[in-house]
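Visitor: Sequence first, then the predicted structure:
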Number of protein chains: 2
Amino acid sequence: MPDPRSSTSPASRAAGSVRTRLQRAALDLFDEKGYDGTTVDEIAERAGVGRTTFFRAFRSKEDVIFPHHDELLEQVRTRLATSPATEANGLVAVFEATSLVLRHYVDEGDLAVRRYHLTRTVPSLRDREVAGLRQYQHAFWDHIRTWMPDDLQAKLMAACVTTAHNTVLRQWLRGEVADPWATFNRAMAQVRELFEVRGGADGATVVVLDGAGADPAQVGAAVERALRARA
Amino acid sequence: MPDPRSSTSPASRAAGSVRTRLQRAALDLFDEKGYDGTTVDEIAERAGVGRTTFFRAFRSKEDVIFPHHDELLEQVRTRLATSPATEANGLVAVFEATSLVLRHYVDEGDLAVRRYHLTRTVPSLRDREVAGLRQYQHAFWDHIRTWMPDDLQAKLMAACVTTAHNTVLRQWLRGEVADPWATFNRAMAQVRELFEVRGGADGATVVVLDGAGADPAQVGAAVERALRARA
DNA sequence: TCACGAGTTGGTATCCAGTACCGTATCGCG
DNA sequence: CGCGATACGGTACTGGATACCAACTCGTGA
């Protein structure tokens, strides 16, 4: 199957590839008549192609809204894969892969905003979006688990990374932040702090919890004993 | 609209309410011919009812798999709502609401296991499940944000709670844990530890970090000083 | 210049989920 | 015995998605 994204045909009917024309026609119609109020036939008709061509360019009607999801997910996976399995390198890979996603949507600009409004309105598109989110989360977990011994902790970290990213992204899509990258860095630092404490992989961390009424001297001594016992 | 779950009709055609019969017929057919290979007509026919009745009992074909999602979500919401907006009470409410969900699935027993295998196999059902998860996560966030000042932190906590719960639940569904509640309590404690450090609202917790080469005696003394300084 | 084959497109038929509408049967009640 | 309410079944329709087939385009080579 050839790549539908490369326009080999010389200006078939109008400007842009068939895929692009379909995408534009779809988004315009969604704005005019709403997502559910628009049929695939109407999209194809406005783009000047047949109904069959639509389903050849996009797997489904929903796919018009998320055209680059698969390749973006693949980019994230490959970025994560090309990273030695150490905690330090792993964290760098995770944050870089996350920023890869943010960069993509920021570059999309207006298109990403239109998609955001659609996903907030149409339930089926919202479900589709969170399903995509889940795939990112799974990809992150699949990487983190290679260097984080505790499996649950790895899952929690993956959940936090995707949640933090999504929070920042949505803030930017709503126009609430001028510089998304500053917000992004702060959010990622917050996630990092959350997990930095208990890394536990190297055994260099100790956590102490006490009830409100514990004697400081006793707690201090207990910590000292615990450290000696582990050394 | 009357409640379809209460069988007022006296043994209409076979044993059990229409809803129950449809559910049983559906799950049996899914085992025999697969989810996508089963049509709603076949489900209705095996249950001895008309096609219309199916869509009256369940909003969609997928809803047969998640029959109690809405009420369970509502239970979680009400449990969270009936809780004063303090961090201590909030945490208790969150963990109780979470255990509410786990309890429901554990009580379902075999049915939950069959559903798990379906959701692992059929993509559309998997998407539907994560969409449901998202609703829980949103409900938790909606509660946590009332007593946690940092909005992102609230989102992260909600993500961790649902992730931890789901991890334990899936372990139990796969038969990997004998006592799900012990695992659940450990997982929830782990989430609590993750956020307890910086919460600082009650001031009852102290965390100590040290480099690998730190002297245990010094760390112990530092903890003691920190506790005294705070008291 | 023409024939050929690969790739692209369009149209038709079909399946199936989901909705709307209407006729009918059954039950409870006065 | 009527009468309203509720539940049920059937039919028809919409629209997404798939399968299949016919026609067209274009490059290549004889």
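Guide: Ah, there it is. Numbers count the residues shown, from 1 in each chain, chains lettered A, B, ... in the order given.
Visitor: shaky segments in chain A?
Guide: Across chain A, the ranges flagged by pLDDT under 70 are A:1-15, A:85, A:87-88, A:197-216, A:218-231.
Visitor: domain parsing for it?
Guide: Domain assignment for chain A by automatic domain parsing gives A:4-64, A:68-230.
Visitor: For DNA strand C, find the nearest of the ones you listed.
Guide: Nearest to DNA strand C among the domains of chain A is domain A:4-64; the distance by C-beta to the nearest atom of the strand comes to 2.9 Å. To be clear about C-beta, it is placed using only N, CA and C from the backbone, and glycine gets the same treatment.
Visitor: which ones are touching the nearest residue to A:Thr121 once chain neighbours are set aside?
Guide: Using C-beta to C-beta, 6 or more residues apart in numbering or on different chains and skipping residues adjacent in sequence, the residue nearest A:Thr121 is A:Tyr35, 7.2 Å away. Taking C-beta atoms under 8 Å, 6 or more residues apart in numbering or on different chains, we find A:Tyr35 in contact with A:118, A:121-122, A:125.
Visitor: So which of those residues sit within helices?
Guide: Here DSSP state H is the test, and the contacts of A:Tyr35 give A:118, A:121, A:125 as lying in helices.
Visitor: circling back: so how far is A:Ala131 from the residue nearest to A:Thr121?
Guide: As for A:Tyr35, its distance to A:Ala131 is 17 Å (criterion: C-beta to C-beta, to the nearest Å).
Visitor: ditto for A:Val161
Guide: Taking C-beta to C-beta, one finds A:Val161 at 18 Å from A:Ala131.
Visitor: Which of the two has more residues huddled nearby?
Guide: The neighbour comparison of A:Val161 against A:Ala131 (other C-beta atoms under 10 Å in any protein chain shown) goes to A:Val161, with 27 against 20.
Visitor: so that one makes contact with A:Ser99?
Guide: No - A:Val161 lies out of contact with A:Ser99 (C-beta atoms under 8 Å); the separation is 10.9 Å.
Visitor: Now do the contacts for A:Ala97.
Guide: Going by C-beta under 8 Å, 6+ apart, A:Ala97 touches A:76, A:79-80, A:140.
Visitor: Pull the number of nearby residues for A:Arg21.
Guide: Using other C-beta under 10 Å: A:Arg21 sits among 22 other residues.
Visitor: thought A:Thr119 was touching A:Ala131?
Guide: No - A:Thr119 sits out of contact with A:Ala131 when judged by C-beta under 8 Å, with a separation of 11.5 Å.
Visitor: Residues in contact with both of those two, list them for me.
Guide: Here A:Thr119 and A:Ala131 share no contacting residue, scored by C-beta under 8 Å, 6+ apart.
Visitor: Of all the residues in stretch A:135-148, which ones are buried?
Guide: A:135-137, A:139-141, A:143-145, A:147-148 (16 or more other C-beta atoms under 10 Å in any protein chain shown).
Visitor: And the contacts of that stretch?
Guide: Residues contacting stretch A:135-148 (C-beta under 8 Å, 6+ apart): A:73, A:76-77, A:80-81, A:83, A:85-87, A:89-90, A:93-94, A:97-98, A:101, A:151, A:154-155, A:157-159, A:161-162, A:201.
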